[in-house]
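J.: I'll drop the sequence and a predicted model, then ask my questions.
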Amino acid sequence: MVIRQTYTLQKRIFVNHQIRANEVRLIDENDTQVGVVRLQEALNMAQERGLDLIQVTEKVDPPVCKIGDYGKYLYREEKKAKEAKKHTGGDLKEVRLTYTMSEHDLQTRADQALKFLGRGDRIRVTLPLRGRQKALEGFAREKMQKFLTMISASVPLKMERDIRREPRGLSTIATKQ
């Protein structure tokens with residue numbers, strides 16, 4: 001039986017006596033820069049105030065440390081990570097039309113496309129063609145053009161790619177200007 005463990009890469013945060021530098025660039029609890037001080041002096045300042053010395057970054061020399069409550073710092077970092085993880089937009093969303101789609105269904109898909117564009121996403125509009133529909137490509141182009149004008153009546157569109165014939169039908173990509 002093989003047991004596999006998965007590890008998540010987390011940024012290690014050094015606190016108080018875990019910090020391994022002789023000098024640190026210190027920021028106090030009011031976010032004002034104190035300057036470059038010896039580590040022992042920074043630890044004494046944090047201990048006098050009843051707070052922790054937290055290493056914020058080690059990428060610079062000397063490393064940046066902040067005086068503050070370690071629990072509150074972890075909480076704020078967790079909130080920042082969750083906020084960064086949220087949907088930021090910019091995805092490519094697909095809206096599928098059909099050859100025999102009615103006017104009302106086109107309007108419903110247009111509303112959905114407007115929702116995607118409002119969030120900052122790009123949309124790919126596809127209209128697959130089957131069998132005899134491939135011979136009547138002109139009608140399909142008109143339907144797709146009608147759909148795009150429905151959307152552009154509400155939101156100015158920028159066409160990233162014009163209506164293009166593909167092996168399975170027609171497609172285009174559009175974004176909000």
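T.: Sure thing, it's come through. Note that the coordinates shown come from a computational prediction; the quantities given were computed from them, not determined experimentally.
J.: How many neighbouring residues does Lys134 have?
T.: Close neighbours of Lys134, defined as other CB atoms under 10 Å, add up to 14. All C-beta spots, glycine's among them, are computed from the backbone N, C-alpha and C.
J.: Next, count neighbours for the residue nearest to Met159 when sequence neighbours are not counted.
T.: Here the nearest residue to Met159 in space, its sequence neighbours aside, is Ala174; by CB to CB, 6 or more residues apart in numbering that works out to 5.4 Å. For Ala174, the number of neighbouring residues by other CB under 10 Å comes to 22.
J.: Which strands or helices does the host helix or strand of Ala174 pack on?
T.: In this assignment (DSSP states H and E), Ala174 forms part of strand 169-176. Other helices and strands packing on strand 169-176, by 3 or more CB pairs under 8 Å, 6 or more residues apart in numbering; DSSP states H and E, are helix 103-118, strand 122-128, helix 137-152, strand 157-166.
J.: residues making contact with that strand?
T.: With CB atoms under 8 Å, 6 or more residues apart in numbering as the test, strand 169-176 has contacts from 92, 117-118, 120, 122-129, 137, 140-141, 144, 148, 151, 155-164.
J.: one more time with 7 Å
T.: By CB atoms under 7 Å, 6 or more residues apart in numbering, the list of residues contacting strand 169-176 from outside reads 117, 122-129, 140-141, 144, 148, 155, 157-164.
J.: Now, of these, which are buried?
T.: 117, 122-123, 125-129, 140, 144, 148, 157 (16 or more other CB atoms under 10 Å).
J.: Does the strand or helix carrying Lys82 pack against any helices or strands, and if so which?
T.: Using DSSP H and E, Lys82 sits within helix 70-85. Contact partners of helix 70-85 among helices and strands, from 3 or more CB pairs under 7 Å, 6 or more residues apart in numbering; DSSP states H and E: strand 52-57.
J.: Mind splitting the chain into its structural domains?
T.: Following automatic domain parsing, the chain resolves into domains at 16-85, 92-176.
J.: weakest of these in terms of mean pLDDT?
T.: Of all these, the segment with the smallest mean pLDDT is domain 16-85, scoring a mean of 86.
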